[in-house]
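[1] show me the folded form of this:
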Amino acid sequence: MVSRVLGLVREICIAAVFGTSALSSAYVSAFTLPNLFRRLLGEGALTAAFVPTLAHELEQRQHAAAFALLSKVASWLLLVTAGLVALAMLALANAGPLLRLTGGFGMEPETVERLLLGAQLAVMLFPYMVFVCLAAAFSAACQVLGRFTEPALSPVWLNLVIIGALGLGGWWAPGDLARMNLLCAGVLLGGFLQMAVPAGVLWAEGWRPRLDLRPDDRVREIVRLMAPTVVGSAIYLINLSVSRFIGLSLNDSAAQVLNLSTRVMELPVGVFAAAIATVV
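    Purely as a prediction, here's the structure:
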């Protein structure tokens, strides 16, 4: 609940610093992309599939086998997310030449500039996806071990770092672009801390991470269990991404206004439904 409220405070702070400008809309649209994969590969689908499999492993074969499975899942998750991040960053880095070569596909110059700004920010923000997907796996493992408090509070670090970066930017940075660079750096640092907190809990419980990409039936089972959730979530998330893209292409403020209204709408679900689902 604390992290959800802080998340709303974070959005209010972003709006206070950048308003509903083209820069804030570009940031919202850029951050939508790694968040889409976070929800597809991380928090929802992975947790639903990984928790029962890991709990069964812990019950039947004790901690050593459960930690070995965690290392396998984390290794494959790192490989997949790092590969997706590299491909996405490569594609987005070449968005500018493509738009210039095609004349912006007939779009207005102002629209092209907003899209290019969004692509530049997305290149900076995409590595966050690696941190947050690993954080989802580590938090799920903590829950299986009966450690609920630390992983539940790990998103708090993300929000606090972002709020701190916004405060530093408002006090020190010479302009909006410098403030945005600080915000993106805060997202990456906060994402790392979001991963490091549950990882530290697992380390204290005796887990020692190691790279293990050997084929395993349990990993295949987790992927099979994830598939329906991924497909179901993808429809909503793709709709959300398209809405943000359309908003960014319309005018300077549409994407940010849509984001703020969505945050307010989702707050009750995040505060109550997500907390109850985690405990159950």
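
[2] when you work out contacts or count neighbours from here on, use the C-alpha atoms and nothing else.
    Will do.

[3] check what pLDDT the nearest residue to Glu57 once chain neighbours are set aside gets.
    Closest residue to Glu57 in three dimensions, ignoring its sequence neighbours and counting by C-alpha to C-alpha, 6 or more residues apart in numbering: Ala66, at 5.4 Å. For Ala66, the pLDDT comes out at 92.

[4] correct me, but Ala66 touches Pro52?
    No - counting by C-alpha atoms under 8 Å, no contact exists between Ala66 and Pro52, whose distance comes to 11.4 Å.

[5] please identify which of those two sits among more neighbours.
    Neighbour totals were compared for Ala66 and Pro52, and Ala66 leads with 23 against 14 (other C-alpha atoms under 10 Å).

[6] where does the stretch 101-250 of the chain dip in pLDDT?
    Counting by pLDDT under 70, the low-confidence segments of the stretch 101-250 of the chain come to 101-106.

[7] how does it look with 90?
    Scanning the stretch 101-250 of the chain for pLDDT under 90 picks out the ranges 101-116, 118-119, 146-155, 169-176, 214-218, 221-250.

[8] helices of that one, start to end?
    Counting by DSSP state H, counting those that start in this stretch, residue ranges of the helices within the stretch 101-250 of the chain are 109-125, 128-144, 149-172, 176-204, 217-250.

[9] the longest one packs against which elements?
    The elements that helix 217-250 packs onto, with contact taken as 3 or more C-alpha pairs under 8 Å, 6 or more residues apart in numbering; DSSP states H and E, are helix 22-37, helix 43-93, helix 109-125, helix 254-268.

[10] at 6 Å instead, please
    For helix 217-250, the elements it packs on are helix 43-93, helix 254-268, judged by 3 or more C-alpha pairs under 6 Å, 6 or more residues apart in numbering; DSSP states H and E.

[11] what is the orientation angle of the last one with helix 22-37?
    Counting by axes from the mean of the first three to the mean of the last three C-alpha atoms, to 10 degrees, helix 254-268 lies at 50 degrees to helix 22-37.

[12] what's in contact with helix 254-268?
    The contact list for helix 254-268 (C-alpha atoms under 6 Å, 6 or more residues apart in numbering) reads 20, 25, 244, 247-248.

[13] quick one: which of the residues you listed is nearest to Asn94?
    Proximity of those to Asn94 (C-alpha to C-alpha) peaks at Leu248, which lies at 18.9 Å.

[14] residue contacts, the closest one?
    Under the criterion of C-alpha under 6 Å, 6+ apart, the contact partners of Leu248 comprise Ala255.

[15] roughly how far does Arg38 sit from Leu213?
    21 Å (C-alpha to C-alpha, to the nearest Å).
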